[in-house]
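quick check, what structure comes out for this input:
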Amino acid sequence: MLEIPHCDHCEEEFAPEELTVLAPPAGDGDLICARCIEIKLRRAVAKLARGDN
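Okay, here's the model as predicted:
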């Protein structure tokens, strides 16, 4: 039986081509969807804008 891959961040199921591997230093090789990547990027930009390095 084939396992349906899921995003390791939001836990939703996706087709394999809709996921990417989040490599170090940003992640630990987790599978991540485009929506979660966008959320992570927005948080990183907001953190930089506040100066919370």
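
quick one: low-confidence parts of this protein?
1, 53 (pLDDT under 70).

the helices in it, which residues?
With helices called from DSSP state H, the chain shows them at 34-50.

most centrally placed residue in it?
Geometric centre of the chain, nearest residue: I32, 3.6 Å, by C-alpha atoms, centre = their mean.

wouldn't it be in contact with C7 here?
Yes. Contact between I32 and C7 holds when scored by C-beta atoms under 8 Å: they sit 5.7 Å apart. C-beta coordinates here come from the backbone N, C-alpha and C atoms, glycine included.

shared neighbours, those two?
L19 (C-beta atoms under 8 Å, 6 or more residues apart in numbering).

contact partners for L31?
Contacts of L31 were listed using C-beta under 8 Å, 6+ apart, and they are 5-8, 19-22.

quick one: which of those residues has the most company?
Neighbour count (other C-beta atoms under 10 Å) singles out C7 as the most crowded of the contacts of L31, with 21 neighbours.

need the contact list for that residue.
C7 makes contact with 14, 19, 31-33, 36, according to C-beta under 8 Å, 6+ apart.

can you pull the contacts of L19?
5, 7, 31-33.

partners of the residue nearest to the centre of the chain in the sheet?
Counting by DSSP bridges, I32 is bridged to T20.

and the gap between it and E38?
Separation of I32 from E38 (C-beta to C-beta, to the nearest Å) stands at 10 Å.

and of the contacts of L19, the nearest to D52?
I32 (22.4 Å; C-beta to C-beta).

how many neighbours does C36 have?
Look at C36: counted by other C-beta under 10 Å, it has 19 neighbours.

my error: substitute K40 in the last question.
Here the number of neighbours of K40 (other C-beta under 10 Å) works out to 15.

what's the closest non-adjacent residue to it?
Spatially, and ignoring its direct neighbours in sequence, K40 is nearest to A26 (7.4 Å; C-beta to C-beta, 6 or more residues apart in numbering).
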